[in-house]
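Engineer: heads up, no residue letters with this:
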């Protein structure tokens, strides 16, 4: 049965799992987060060209997401620091929601799902920060992994 | 009407809002995030004493949340760096869910809601990281502000 | 006569100057950096809408500049960490050059000229990074302080 | 009786103590660390002008100490982030030992003893790093607080 | 004869040593730090279940130690940034002392002894921070390398 | 024709370029920055032994430059985090100018020119910080890449 890997056998001592014996493979992960605006806020943002070329809000959030990906191992205590091959944060507006997709790639011994999840979360928090003058009734939800590949067990859809 | 404060009048130039003219007040914020485990994972964790005194998983997540609160202005591009009076991250398990409450206080010219939201998010991501060997079917949801006080406009319930 | 403040009287011991006895005042600083493109690169960029609404390059550089302002005390060894009231990074294109203006404000005991200079420099380096696939013949020049106020001695033009 | 302040009444929940009600005072702290070299290494270093104007080793360690002081709240999980008035790291060689003194000042609601202790420790670790090609038989010892003032309870000798 | 590697031949210019020509090997290091409590403080802590399942103090210190390991190259000026395979911080209480053991592994061109020493030091400082409300008469001592392997010269006992 | 690599085909979405398919090679880069002092300041500094063994100013700037090299991927949003083989920051005084040379090496899939440029810039800003008590009429100029090798296209003179 699967067990918790970050705590040792007596269940208390946190540790950064030793990945020294794992293979170096091409790893990818794709995570998503969603942010729901109140309807009137979504309308104001849309009218303000939220999604258009004027769209500074979304660009700032994308950049924050990429930098969040790179900061992951300084934020999640037992995450391994690792070199990345690339990452991409894309944000789409669907009705009253912003949908953030974060894809990360590396060549290494450990997966990049935490990087993808962290990048998506930081991008969502940044949208919140930039829109909170309009309302605090925004909610970030459905932060989840959509796919990962390259590890012992793949998950979900192909992340490419 | 309320407007976007982080972009200037021509709608494109991101900036860190000037709070120089605002009053120094006691400010508090309370944010929450939830992480839903698959039922069998929740059961394994409960049997492993997830919530008990052995509960390293939750302690690690709390610490990560506190450090996330302190890292907020390095993560959210247009957030102000500020001194904090204190913060507290509490995690409760309710059925198949972990409920993370993050409360932050400062004496200053700008609110701490982004700090509270970031702390709750980082704590949730840390629980995900520590449990992902069991399953990747976890979802972080309902990341929201429950209350803030001390600013121009209070919000929600009293955060104390 | 003016003397070096960051080294002590025997000329060797670096130190962070004690500002405990200084007044808390409203302080501002305005720094500028310039980046010169090769003429053909400037033309390609202009044709690609470098300055227009599509202008992701400049928005990324602005954000990097703001985050660079906030990182100043972690980069410049003897700089004081301080809370900021706000900052703004503006980028204009003038012929073959990008002109970066960075303005920073704080209420405190020490000036923010290093923050303004660092923000302008990081923004310029970011433009370089984003355009270097076109050419490495770019040069960053004329990084200088244009004005500061609020300290013992004002300098240059009013930074507001 | 004194009690642990960083854990709450049921003894488990780590938190950043709320200092909102404390007075703003002038606070100082003075910490010291010592690093003992093997005798032959101390001799080689002395002959190489370790302490003289050529003394890059000690200057690098001083700078690392100052930057360590500033990084304290990112390293010690429950430390408050705070603005500093100044700090000074001095290193003397006494026989086979380097003696590092770190003094920190702030105007605030919480003491700076952790900043002083962290700065002294990082400076000592930096000396270790720069000399380890000669020997790994160095020991850092007697890292302690020599004095603090400005808080509820002063400690030790006056840190000025 | 062994010489200082971080300064060049004219003895002044600090540099990050070029490890480009070194072999990639499995490297490990084991460092230890000790923190001595005043006897009455040690007794209060023991009675408060310092070492038991309630032991938040030690868990917080372990996490801080792991994060300190990862921060090493940002703290020690001439240390190489590197990817880590894993690390473990263990804390035992022996009479009036806390004994912190930090073990680090990587696959790379340079050793991880500074990472192990830094992790042990930060964990010790964190214990200090969490117990200082009881007393400031704690002392961190005997910070030393117990073993390293995988480099040109092994040292001490096997660090595994 | 060369195109912008950091934005995707529709010209707006910033991304960290995927280097997964690139070869691992020995890469080097050499960047330079210059800081011009007012003549009287240059004279005061020279008389104070700015360049001599007492030269704390230059040593502090060198260290800041090395640490700036290591911080590059946290400062430049779309830069890849990477392991470095080594780096060197050298500062010479030529008349009224400080000339900073920064050389960086890595074994990897992407170049280190941004690291070299960032290191040179941070060193120059540090000199500015340490001398600004004498004058704010300093200018940083001619920040440029002098050479790079190991990538698809070499540039300039050999950086070794």
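Structural biologist: Thanks, I have the structure now. As the structure is a prediction and not an experimental result, all values here were calculated from the model. Numbering: from 1, shown residues only, chains lettered A, B, ... in the order given.
Engineer: Contacts only, for residue A:141.
Structural biologist: For residue A:141, the contact set (CB atoms under 8 Å, 6 or more residues apart in numbering or on different chains) comprises A:33-36, B:140-143. (Each C-beta comes from the backbone N, C-alpha and C, glycine too.)
Engineer: Return the member of these nearest to chain E.
Structural biologist: Taking CB to the nearest CB as the measure, residue B:140 is the one of the contacts of residue A:141 closest to chain E, at 20.5 Å.
Engineer: Show me the strands paired with the strand or helix carrying the closest one, marking each as parallel or antiparallel.
Structural biologist: Using DSSP states H and E, residue B:140 sits within strand B:139-149. Strand pairing for strand B:139-149, determined by DSSP bridges: strand A:139-149 (antiparallel), strand B:25-36 (antiparallel), strand B:155-156 (antiparallel).
Engineer: okay, the ones you listed in TSV with mean pLDDT next?
Structural biologist: Formatted as TSV, the strands paired with strand B:139-149 follow (pLDDT from 0 to 100):
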stretch	mean pLDDT
strand A:139-149	97
strand B:25-36	97
strand B:155-156	86
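Engineer: want to try CSV for the ones you listed, with distance to residue A:48 as columns?
Structural biologist: Shown next, in CSV, are the strands paired with strand B:139-149 (distance: least, CB to CB, whole Å):
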stretch, distance to residue A:48
strand A:139-149, 21
strand B:25-36, 26
strand B:155-156, 22
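Engineer: Could you list the low-pLDDT ranges of chain A?
Structural biologist: Applying pLDDT under 70 to chain A flags the ranges A:1-12, A:49-55, A:158-160.
Engineer: now the strands for it?
Structural biologist: Counting by DSSP state E, chain A has strands at residues A:15-16, A:25-36, A:86-94, A:97-108, A:139-149, A:155-156.
Engineer: Most proximal residue of chain A with respect to chain E?
Structural biologist: For chain A, CB to the nearest CB, closest residue to chain E: residue A:18, 3.4 Å.
Engineer: in terms of contact, does that residue touch residue E:105 like I think?
Structural biologist: Yes: under the criterion of CB atoms under 8 Å, residue A:18 makes contact with residue E:105 at 6.0 Å.
Engineer: any shared contact partners between these two?
Structural biologist: Shared between the contact lists of residue A:18 and residue E:105 (criterion: CB under 8 Å, 6+ apart) are residues E:85-86.
Engineer: neighbour count winner among these two?
Structural biologist: residue E:105 (25 against 17; other CB atoms under 10 Å in any protein chain shown).
Engineer: for that one, which residues make a bridge with it?
Structural biologist: Beta-bridge partners for residue E:105, by DSSP bridges, are residue E:28, residue E:86.
Engineer: Just the buried positions in stretch A:16-35, please.
Structural biologist: Buried residues in stretch A:16-35, counting neighbours by 16 or more other CB atoms under 10 Å in any protein chain shown, are found at A:16-19, A:25, A:27-35.
Engineer: Show me how far it is from its chain's centre.
Structural biologist: Relative to the centre of its chain, stretch A:16-35 is centred 12 Å away, using CA atoms, centre = their mean, to the nearest Å.
Engineer: what about it, how long is it end to end?
Structural biologist: In terms of CA to CA, to the nearest Å, the two terminal residues of stretch A:16-35 are separated by 32 Å.
Engineer: residues in contact with residue A:22?
Structural biologist: A:109-110.
Engineer: Please disregard the earlier target; I meant residue A:80.
Structural biologist: Contact analysis of residue A:80 by CB under 8 Å, 6+ apart lists A:16, A:19, A:73, A:109-110, E:83-86.
Engineer: rerun that using 7 Å as the cut-off
Structural biologist: A:16, A:19, A:73, A:110, E:84 (CB atoms under 7 Å, 6 or more residues apart in numbering or on different chains).
Engineer: what's it sitting at in phi/psi?
Structural biologist: Main-chain torsions, residue A:80, degrees, to the nearest 10: phi -80, psi 140.
Engineer: Next: residue A:154.
Structural biologist: Torsion angles, degrees, to the nearest 10, at residue A:154: phi -70, psi 170.
Engineer: Please tell me I have it right and it contacts residue A:148.
Structural biologist: Yes: using CB atoms under 7 Å, residue A:154 makes contact with residue A:148 at a distance of 6.5 Å.
Engineer: more crowded one of the two?
Structural biologist: Between residue A:154 and residue A:148, counted using other CB under 10 Å, the more crowded position is residue A:148 (25 against 13).
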